[in-house]
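K.L.:
I'll drop the sequence and a predicted model, then ask my questions.
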Amino acid sequence: MITKPLLIQACLIGILSCGIFVSWWTTLTFLLSDTPFSYNAFDIGLFGLCGIISICLAPFLGRFVDRVHPWTGTLAGLTLQLVVAVISVTTARLSVGAVIVTAPSYSWDKP
């Protein structure tokens, strides 16, 4: 029945990664537009620039993951995404600094 299990596995990893990524950025916009921050759309958009750091780090991290087993690297990346998303969303009400620090480290696993 299942002729390409590796393809199915890759699709599931992509779905999980995209789901965590989109839910984090969507939640972030609601947190930053509400009190105590009350940022406008432009200020919230500037947080997207923090994600550029992860784009710059992607080639280096990709080479590192190529040295280890791909499954281990992917699992570590998904776990990192989930942990950082939980930390930043739960601490965002206390300080915007937590969001700024976790934004670049959040999307390391994105292809």
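P.N.:
Alright, I've got the coordinates.

K.L.:
Secondary structure element holding Trp85?
P.N.:
Slight slip there: residue 85 is Ala, not Trp. Taking DSSP states H and E as the definition, one finds Ala85 inside helix 70-91.

K.L.:
hmm, I was thinking of Phe64
P.N.:
Using DSSP H and E, Phe64 falls in helix 51-67.

K.L.:
can you state the direction angle for that helix and helix 70-91?
P.N.:
On the basis of axes from the mean of the first three to the mean of the last three C-alpha atoms, to 10 degrees, helix 51-67 is oriented at 150 degrees to helix 70-91.

K.L.:
Buried residues, helix 51-67. List them.
P.N.:
Ser54, Val65 (16 or more other C-beta atoms under 10 Å). In short, each C-beta sits where N, CA and C put it, glycine included.

K.L.:
what residues does stretch 25-38 touch?
P.N.:
Outside stretch 25-38, the residues that touch it by C-beta atoms under 8 Å, 6 or more residues apart in numbering are 39-41, 43-44, 47-48, 85, 88-89, 92-93, 96, 99, 103.

K.L.:
any idea of the mean pLDDT for it?
P.N.:
For stretch 25-38, the mean pLDDT works out to 83.

K.L.:
remind me which residues of the chain are low pLDDT?
P.N.:
1, 51, 103-111 (pLDDT under 70).

K.L.:
and if we set it to 50?
P.N.:
108-111 (pLDDT under 50).
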